[in-house]
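**Q** sequence first, then the predicted structure, then my questions.
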Amino acid sequence: MLILERKSKEVIMEIKIQAIHFDVSERLETFVQKKVSKLEQFYDGILTAEVNLRVVKPESAQNKQAGIRLKIKNNDCFAEKTSDTFEEAIDHVTDALEKQLVKIKKGGSKKTAHKFWNIINNA
């Protein structure tokens with residue numbers, strides 16, 4: 001298991017990469033780190049990213065599976081995709097997580113705005 005840490009403005013996001021039944025190349029590690037790190041621009045509170053890579057059925061196409069679990073403040077996000085290459089699977093997973101993070105961020109801001117208006121109206 002490889003653990004990479006990256007400093008952001010306030011929080012350090014820890015990226016854990018686990019490859020099941022194969023060794024990850026340095027190029028793939030760099031690619032994963034770059035793609036996962038970009039998710040921080042959509043949500044500030046990402047604490048940990050756990051990346052799981054595995055070959056599902058070695059003799060078939062669409063056999064590279066990538067799953068990422070993001071541990072964030074008060075929540076978790078998860079996405080898993082299977083593709084022809086790990087790079088393609090990571091691209092699809094990060095796209096799905098990006099959408100989840102945007103929804104969480106928007107939902108959080110609506111709740112905060114609602115509480116703010118309730119405070120003002122009740123004062």
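**A** That came through fine.

**Q** show me the shaky parts of this protein.
**A** Along the chain, the model assigns pLDDT under 70 to residues 1-11, 108-123.

**Q** how about the helices in it?
**A** 26-37, 86-122 (DSSP state H).

**Q** the first one packs against which elements?
**A** Pointing back at helix 26-37 there. Judged by 3 or more C-beta pairs under 8 Å, 6 or more residues apart in numbering; DSSP states H and E, the packing partners of helix 26-37 are strand 2-7, strand 12-20, strand 46-55, helix 86-122. Bear in mind the C-beta positions are built from the backbone N, C-alpha and C, glycine included.

**Q** what about stretch 59-74, distance to the chain center?
**A** In terms of C-alpha atoms, centre = their mean, to the nearest Å, the centre of stretch 59-74 is found 9 Å from the chain centre.

**Q** what's the neighbour count on Val102?
**A** Here the number of neighbours of Val102 (other C-beta atoms under 10 Å) works out to 12.

**Q** give me the neighbour count for the closest residue to it other than its chain neighbours.
**A** In space, and not counting its chain neighbours, Val102 is closest to Phe42: 5.8 Å by C-beta to C-beta, 6 or more residues apart in numbering. When neighbours are counted by other C-beta under 10 Å, Phe42 registers 16.

**Q** wait, isn't Phe42 in contact with Gln100?
**A** No - look at Phe42 against Gln100 with C-beta atoms under 8 Å: they stay out of range, at 9.0 Å.

**Q** who's in contact with Gln100?
**A** Going by C-beta atoms under 8 Å, 6 or more residues apart in numbering, Gln100 touches Cys77, Ala79.

**Q** distance-wise, check it relative to Glu29.
**A** Separation of Gln100 from Glu29 (C-beta to C-beta, to the nearest Å): 24 Å.

**Q** ok, now Val102?
**A** From Val102 over to Glu29 (counting by C-beta to C-beta), the distance is 27 Å.

**Q** now do Phe42
**A** Applying C-beta to C-beta, the value for Phe42 to Glu29 is 22 Å.

**Q** again, but for Thr85
**A** Counting by C-beta to C-beta - Thr85 and Glu29 are separated by 15 Å.

**Q** check contacts around the most centrally placed residue in the chain.
**A** Centroid check for the chain by C-alpha atoms, centre = their mean gives Leu70 as the closest residue, at 4.7 Å. Contact analysis of Leu70 by C-beta under 8 Å, 6+ apart lists Leu39, Ile46, Thr48, Ala49, Asp76, Cys77, Phe78, Leu97, Leu101.
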